[in-house]
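K.L.:
sequence isn't available, so here's the structure alone:
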């Protein structure tokens, strides 16, 4: 069970820390914070404007900003994320210098490769690419890679890395759903970025026009919960862990979370069939693939196909061994 603290304790003991290292991130992420407005969501339709306005009011309380949330101004990354030195150890997430934490990203990137399922001639658009590690790897595989980010500094950092690797990645500054007008793509990627969008229903409807025939949207690393918990006591809204609240207060970001049920129904309700890719060993690497469909359905990928094959193999091996022992015993008796 996660540790639970009051909002006053959070302000006193957590917001006084200026920057989060890997250890802080782990500790903050496992601490739930009780918020003053938590009890006001139960009476509202999760897809109503009143519900969204409640989320925005809570966000304004946490950030302490007078002006209402605006992605163009709020979603600019903290200066600490950027460095003129774009060598591997100075860009996110390598800058954490924590092998255990980085292993989660490696699992996630491998899962994205699996879910993309494209030949080297395919085209990819990533929204909110951050330091661009996913796109840089996909570009090295020969894919036609594009990125849209609201913060030009992220795009500059990606461009600097791409030049060093002699890769061509097309970059445009903009908000989710915009960029590369008149272009369509085989895949659209959201890796740890979709949860920054408050107008997610409108965005999902808009993305239909950006997909080629047979195109798909790939989601990975999004904060989804199997049920409502202390960290997310409603179908969707601001996450209650101290790490997310710290980021909102310090940076102004929108840090949403969704129950898995709400997220799947949201995708299906906006015209997508959904395939779920579990990753039991690493929740960060769980993924979802959404494909436009007239009659949306939900399916699940077997998370352990090799284990299933191994179990079948072991059963057959035990069966063969039993037969061998029986034959061996009968032969001894016959002598």
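P.N.:
Great, that's in hand. This one's a predicted model, so the numbers in the text were calculated from it and none came from an experiment.
K.L.:
so what's the gap between stretch 278-287 and the chain middle?
P.N.:
Centroid separation for stretch 278-287 versus its chain: 10 Å, with CA atoms, centre = their mean, to the nearest Å.
K.L.:
hmm, I was thinking of stretch 259-276
P.N.:
With CA atoms, centre = their mean, you get 15 Å for stretch 259-276.
K.L.:
pull out the buried residues from that stretch.
P.N.:
Residues 259, 262-268, 270-276 are the ones in stretch 259-276 that count as buried (16 or more other CB atoms under 10 Å). Using the backbone N, CA and C atoms, a C-beta is placed for each residue, glycine as well.
K.L.:
so where's this protein shaky on pLDDT?
P.N.:
Residues of the chain that meet the criterion pLDDT under 70 lie in 1-2, 37-39, 79-89, 303-335.
K.L.:
could you list the domains of it?
P.N.:
3-304, 305-335 (automatic domain parsing).
K.L.:
of those domains, flag the one that's most buried.
P.N.:
With neighbours defined as mean count of other CB atoms under 10 Å, those peak in mean count at domain 3-304, which reaches a mean of 17.
K.L.:
so where do the helices sit in this structure?
P.N.:
7-13, 22-29, 49-63, 71-74, 99-116, 133-140, 152-165, 200-207, 242-251, 260-269, 305-334 (DSSP state H).
K.L.:
among these, which is nearest residue 281?
P.N.:
helix 99-116 (7.3 Å; CB to CB).
K.L.:
what about the closest one, distance to the chain center?
P.N.:
11 Å.
K.L.:
check which helices and strands it is in contact with.
P.N.:
Judged by 3 or more CB pairs under 8 Å, 6 or more residues apart in numbering; DSSP states H and E, the packing partners of helix 99-116 are helix 22-29, helix 133-140, strand 185-191, strand 211-220, strand 272-277, strand 287-292.
K.L.:
partners of the fourth one in the sheet?
P.N.:
Okay, so that is strand 211-220. strand 185-191 (parallel), strand 287-292 (antiparallel) (DSSP bridges).
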